[in-house]
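> structure for this input, please:
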Amino acid sequence: MITTIELQTSGEQFYEITDQVKMSLNKLLKDSNSKSGVLTLFITHTSCGLTINESYDPAAKNDMENFLKHLAPRNLNFITHTEEGPDDSPSHMKTMLINQNLSFIVESEELLLGTWQGIYLCEFRDSPKTRKILVKFQAD
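So this is what the prediction gives:
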């Protein structure tokens with residue numbers, strides 16, 4: 001079974017989606033009559049990604065965002081792919097470093113995450129976007 005999470009973004013940043021993922025899981029669990037299995041997320045875009053990381057301290061999110069901006073700045077002299085603006089090529093470079101899919105263990109109807117872990121959609125484009133994440137549950 002597959003469901004979709006749609007998220008409206010408003011520029012380059014990390015958007016925490018942990019609650020949306022848990023809501024999608026609950027729907028899929030009801031539909032499957034199962035309590036355990038694997039939940040997979042897949043994002044269908046080339047200028048954003050998915051990650052699991054620290055979600056307790058907002059400073060950690062800021063550091064992660066700034067780290068990727070440092071790795072793929074917009075002023076690199078070799079950039080030629082700018083058809084959609086100065087964020088075009090750097091957004092694809094950042095996506096190469098971030099996951100397009102994530103898998104999670106589900107046990108006793110619970111998504112198993114570490115104490116401080118949160119799930120993020122990492123948006124790398126400036127303009128507002130509608131992002132779609134496919135969510136699939138596979139029962140044991």
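
> ok, now which ones touch the residue nearest to Leu7 when sequence neighbours are not counted?
Using Cβ to Cβ, 6 or more residues apart in numbering and skipping residues adjacent in sequence, the residue nearest Leu7 is Arg131, 4.9 Å away. No exception for glycine: its C-beta is placed from N, CA and C like everyone else's. For Arg131, the contacting residues are 6-9, 43, 45, 48, 121, 123, by Cβ atoms under 8 Å, 6 or more residues apart in numbering.

> tell me which helix or strand Arg131 sits in.
strand 129-139 (DSSP states H and E).

> cool, Gly118 as well?
Short version, using DSSP H and E: Gly118 is in strand 117-123.

> who's in contact with that strand?
Against strand 117-123 from outside (Cβ under 8 Å, 6+ apart): 7, 9, 11-18, 21, 41, 43, 48-56, 61, 68, 94, 98, 102, 113, 129, 131, 133.

> buried among these? Make that a ChimeraX selection.
Those of the contacts of strand 117-123 that count as buried under 16 or more other Cβ atoms under 10 Å are selected in ChimeraX with:
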select :7,9,12,14,15,17,21,41,43,48,49,50,51,52,53,54,55,61,68,94,98,102,113,129,131,133
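
> from the contacts of strand 117-123, which ones fall inside helices?
Among the contacts of strand 117-123, the residues falling in helices (DSSP state H) are 18, 21, 61, 68, 94.
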